[in-house]
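Engineer: build the 3D model from these lines:
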Amino acid sequence: MNKLSLLLVFALVTSAGAGYHFYDSRQQLAERLDTVVGSEIDVGFAQFMSLHHDQAIVMSQLMLEPQPSALKRFASSISNAQLAELGQMRGWLHLWEKPTLPTSRSMGWMLLGDEPPDDELKAYLLDCESSETGMPGLATIEQLNELRRMQGQARDRRFLEMMLAHHEGGLPMARFAQRNARVPAVRQLASRIILAQSEEITSIRMMLKMLDGQEAAQLENRQ
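Structural biologist: Here you go, the predicted model:
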């Protein structure tokens, strides 16, 4: 759907909601359309967070394979939530006629905010540039294959460690979009991601502490 088609659709929707009063000028409609057509920030966030979600879903589904794990319910929750969010972001990208995944590793869209980048954002972007995968916390193919081969408690621990790094690496991107995205629905999704993943980070840290306690008890029993 091109911009003219979107403009016509948006004109019909807004006029219908106003009782069929065609008072808006083309300029006003074009300005309102800016809230429907994604800016570079909206597009960049949708593309890079889609890539990020893809990997969280892969990691979570690895934990759902038929070998015992106490983390299956937790992994299923992450997979289901992120699949729904991924569908939403890819729907936007389809509407905006943009590729579903980024065409380069550049995170330059994060330099387009309303305020100049602060030290924290600059550090994050430098970490992105130096990361083997293009984003901090994004696992390599080797790490994913290692997780696939592992079993038992060691596998549970590695999943939690990888998901912790993954979530922490994605939060700066979501915080930036929450503040700077043009489309309200994008800002709202970024807010939900921040809330959900912050809660999951807290849960992961608690689960890692529980694993530490179990491993310490096992070691003591062997002695």
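Engineer: residue boundaries of the helices in this protein?
Structural biologist: Counting by DSSP state H, the chain has helices at residues 3-17, 26-33, 40-62, 72-95, 119-130, 141-149, 152-180, 184-222.
Engineer: would you turn those helices into CSV with mean neighbour count, distance to S106 and mean pLDDT?
Structural biologist: Backbone N, C-alpha and C define where each C-beta goes, glycine included. Below are the helices of the chain laid out as CSV (neighbours: other CB atoms under 10 Å; distance: least, CB to CB, whole Å; pLDDT from 0 to 100):
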stretch, mean neighbour count, distance to S106, mean pLDDT
helix 3-17, 13, 24, 44
helix 26-33, 12, 27, 52
helix 40-62, 21, 9, 97
helix 72-95, 17, 17, 96
helix 119-130, 14, 9, 95
helix 141-149, 13, 21, 95
helix 152-180, 19, 13, 96
helix 184-222, 14, 19, 90
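Engineer: the residue nearest to the spatial centre of the chain: what's it in contact with?
Structural biologist: The residue lying closest to the centre of the chain (CA atoms, centre = their mean) is M49, at 3.6 Å. Neighbouring residues of M49 by CB atoms under 8 Å, 6 or more residues apart in numbering: E85, M89, G170, M173, A174, A177, I193.
Engineer: closest one of those residues to L112?
Structural biologist: Distance to L112, by CB to CB, is smallest for A177 among the contacts of M49, at 11.2 Å.
Engineer: quick check, that closest one in contact with I41.
Structural biologist: Yes - if you go by CB atoms under 8 Å, A177 and I41 touch, sitting 6.6 Å apart.
Engineer: do you know how far F159 is from G152?
Structural biologist: 11 Å (CB to CB, to the nearest Å).
Engineer: oh sorry, the question was meant for L64
Structural biologist: When distance is defined by CB to CB, L64 is 16 Å away from G152.
Engineer: name the nearest residue to L164, ignoring sequence neighbours.
Structural biologist: I204 (4.8 Å; CB to CB, 6 or more residues apart in numbering).
Engineer: I figured that neighbour hits M163, correct?
Structural biologist: Yes - I204 is within contact range of M163, at 6.1 Å (criterion: CB under 8 Å).
Engineer: what touches both of the two?
Structural biologist: Joint contacts of I204 and M163 (CB under 8 Å, 6+ apart) do not exist.
Engineer: tell me the one of the contacts of M49 nearest D114?
Structural biologist: Of the contacts of M49, the one sitting nearest to D114 (CB to CB) turns out to be A177, at 12.3 Å.
Engineer: break this protein down into its domains, please.
Structural biologist: According to automatic domain parsing, the chain comprises the domains 1-37, 45-222.
Engineer: and the helices of the chain as CSV, adding distance to R105?
Structural biologist: Shown next, in CSV, are the helices of the chain (distance: least, CB to CB, whole Å):
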stretch, distance to R105
helix 3-17, 28
helix 26-33, 30
helix 40-62, 9
helix 72-95, 18
helix 119-130, 8
helix 141-149, 16
helix 152-180, 13
helix 184-222, 21
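Engineer: L112 is nearest to which of those?
Structural biologist: Per CB to CB, nearest to L112 of those: helix 40-62, 5.5 Å.
Engineer: cool, thanks, signing off.
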